[in-house]
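K.L.:
Structure of the sequence below:
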Amino acid sequence: MAFVVISHMNPAAYSELALILARHTKMPALVASAAMPISSNHVYVIPANSDLEVEKYTFRVTSPRSRRNAQIDLFFASIAENFGNRAIGAVLSGYNGDGTAGCKHIKERDGITFAQDQSAEVDSMPLKAQASGCVDFVLSPDKISDALVEIGARFARSE
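P.N.:
Here you go, the predicted model:
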């Protein structure tokens, strides 16, 4: 599976998130770009001031972003449409409710959704996702990673 990090950041900010993540994983960590093919065992980060979507196993990047703090919903809806029951979304620490509508899209396509538990430093986003009734698992980030390993193995066996 591929991992995509959608982070809310100031549109004018320069992010080194891909470089930071690269120091903590053996997988390549890259800033996603338009028409970039999506590969398994890679980590991708949303570019600053952009919306990120998936289209036919490649990224579609729109800049400037369409709305403030709606990038997760947009991305989740996109993966739900493109990957159906293989779409997985995890809502982690953050303000407001971004990710909740996206979880609904994923669940409509029988995908899998996670929300961070009480370990979230800022619990607004995961709590709103949980309250929607569209979250399958409420776990700490380390337990989410364990579950993703199990889900990935299950997907690999079914191919």
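
K.L.:
drop to CA atoms for contacts and neighbour counts, all remaining ones
P.N.:
Fine.

K.L.:
So K107 versus T100, what's the distance?
P.N.:
K107 sits 11 Å away from T100, going by C-alpha to C-alpha, to the nearest Å.

K.L.:
what touches both of these two?
P.N.:
Counting by C-alpha atoms under 8 Å, 6 or more residues apart in numbering, the shared contacts of K107 and T100 are C134.

K.L.:
Residues contacting the helix or strand bottoming out on mean pLDDT in the chain, please?
P.N.:
Counting by mean pLDDT, DSSP states H and E, the chain has its least confident helix or strand at helix 141-158, which shows a mean of 94. Here helix 141-158 makes contact (C-alpha under 8 Å, 6+ apart) with M1, L92, F114, Q116.

K.L.:
Run the chain-centre distance for that helix.
P.N.:
Relative to the centre of its chain, helix 141-158 is centred 15 Å away, using C-alpha atoms, centre = their mean, to the nearest Å.

K.L.:
Comparing K107 and T100, which residue is more hemmed in?
P.N.:
Between K107 and T100, counted using other C-alpha atoms under 10 Å, T100 has the larger neighbour count: 26 against 22.

K.L.:
What pLDDT is listed against the nearest residue to the more buried one once chain neighbours are set aside?
P.N.:
Once flanking residues are discounted, T100 sits nearest to A129: 4.4 Å by C-alpha to C-alpha, 6 or more residues apart in numbering. For A129, the pLDDT comes out at 98.

K.L.:
Just name whatever secondary elements whichever helix or strand A129 is part of is in contact with.
P.N.:
In the assignment (DSSP states H and E), A129 maps to helix 124-131. Helices and strands touching helix 124-131, by 3 or more C-alpha pairs under 8 Å, 6 or more residues apart in numbering; DSSP states H and E, are strand 88-91, helix 100-108, strand 112-116.

K.L.:
buried ones in that helix?
P.N.:
Buried residues in helix 124-131, counted by 16 or more other C-alpha atoms under 10 Å: S124, M125, P126, L127, K128, A129, Q130.
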